[in-house]
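Undergrad: Here's my sequence, what's the structure:
(2 chains)
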Amino acid sequence: DQQVKQNSPSLSVQEGRISILNCDYTNSMFDYFLWYKKYPAEGPTFLISISSIKDKNEDGRFTVFLNKSAKHLSLHIVPSQPGDSAVYFCAASEGVSYGGSQGNLIFGKGTKLSVKP
Amino acid sequence: DTEVTQTPKHLVMGMTNKKSLKCEQHMGHRAMYWYKQKAKKPPELMFVYSYEKLSINESVPSRFSPECPNSSLLNLHLHALQPEDSALYLCASSRPGHHEQYFGPGTRLTVT
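TA: Just a heads-up that it's a prediction; the model follows:
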């Protein structure tokens, strides 16, 4: 059973407009959420993250919103640029400790974003 | 140095071969990870090393054998693989107590 779901396999947006990528999760023990961007033949690149104690985190053109009651998060990219075209993965984690074991990242299936000039 | 490097980039091996994948980071991260990613699927965790000790093994078959010789290096030894093991193998690292993992470019493995 998928714990992290990205229900839109693809999204097409015009350059300069807003891109909104959505992610839903089922495990209420998740306490940290991350977005990664992946180009073909490369590893995922960390973009932005949010702790479950916050509802918004912003970094330049990227903003992540978290709605804990709905178990939903979204990534907003404003303005979208052609270089943003990639697959975006939502990931969730429950618990890390400084002493030893590290949190496992559970990934969604990804959304392919195409930004058209 | 803010990179995770992986070698080789591509590997083709027969089912009777023994090969190794290598991963290196010099960011002082003390947690390192191996993931497997099949086409059009998300990365799936295989192993986690924390302070050079294996802390998570996600029920991976014994034909995959991880090794963490020191805090900067992570190896994945491969032996008697099956064609269904063909995938992109990703290495990642993170700081102790931090969720953010930083990924290498991956090794594209083909088993013939």
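
Undergrad: got the buried residues for the helix-or-strand element of chain B with minimal mean pLDDT?
TA: Counting by mean pLDDT, DSSP states H and E, chain B has its least confident helix or strand at strand B:53-57, which shows a mean of 84. Within strand B:53-57, the residues scored as buried using 16 or more other C-beta atoms under 10 Å in any protein chain shown are B:I56. (C-beta placed from N, C-alpha, C; glycine too.)

Undergrad: Give the next helix or strand downstream of that strand.
TA: Following strand B:53-57 in sequence order, the next helix or strand is strand B:64-70 (DSSP states H and E).

Undergrad: residues in contact with that next one?
TA: By C-beta atoms under 8 Å, 6 or more residues apart in numbering or on different chains, the surrounding residues in contact with strand B:64-70 are B:32, B:34, B:46-47, B:49, B:52-54, B:57, B:74-79, B:85.

Undergrad: at 7 Å what do you get?
TA: Strand B:64-70 is touched from outside by B:32, B:34, B:46-47, B:49, B:52, B:54, B:74-78, with contacts defined as C-beta atoms under 7 Å, 6 or more residues apart in numbering or on different chains.

Undergrad: returning to what we had before: which elements pack onto the least confident helix or strand of chain B?
TA: For strand B:53-57, the elements it packs on are strand B:44-50, judged by 3 or more C-beta pairs under 7 Å, 6 or more residues apart in numbering or on different chains; DSSP states H and E.

Undergrad: Can you say which helix or strand has the residue positioned nearest the centre of chain B in it?
TA: What sits nearest the mean C-alpha location of chain B, by C-alpha atoms, centre = their mean, is B:W34, with 3.2 Å. Secondary structure from DSSP H and E places B:W34 in strand B:31-37.

Undergrad: Report the rounded mean pLDDT for that strand.
TA: Average pLDDT, strand B:31-37: 94.

Undergrad: orientation of that strand relative to strand B:64-70 in degrees?
TA: With axes from the mean of the first three to the mean of the last three C-alpha atoms, to 10 degrees applied, the angle from strand B:31-37 to strand B:64-70 works out at 150 degrees.

Undergrad: next one: strand B:31-37 to chain centre, how far?
TA: Average the C-alpha atoms of strand B:31-37, do the same for its chain, and the two points are 5 Å apart (C-alpha atoms, centre = their mean, to the nearest Å).

Undergrad: so where is chain B shaky, pLDDT-wise?
TA: Judged against pLDDT under 70, the low-scoring parts of chain B cover residues B:1-2.

Undergrad: what does it have sitting close to chain A?
TA: Listed as neighbours of chain A in chain B under the rule C-beta under 7 Å from any C-beta of the partner chain: B:31, B:41-43, B:45, B:48, B:50-51, B:55-56, B:90, B:94, B:96-106.

Undergrad: 6 Å instead, please
TA: Residues of chain B found near chain A, taking C-beta under 6 Å from any C-beta of the partner chain as the criterion, are B:31, B:42-43, B:45, B:48, B:50, B:55, B:90, B:96-97, B:99-100, B:103-106.

Undergrad: what's the span of stretch A:58-74, first residue to last?
TA: Terminal residues of stretch A:58-74 lie 12 Å apart, using C-alpha to C-alpha, to the nearest Å.

Undergrad: wait, does it make contact with chain B?
TA: No - using C-beta under 6 Å from any C-beta, no contact is recorded between stretch A:58-74 and chain B, whose separation bottoms out at 12.4 Å.

Undergrad: now do stretch A:76-87
TA: No - under the criterion of C-beta under 6 Å from any C-beta, stretch A:76-87 makes no contact with chain B; the nearest approach is 9.3 Å.

Undergrad: average pLDDT for that stretch?
TA: Averaged across stretch A:76-87, pLDDT comes to 97.
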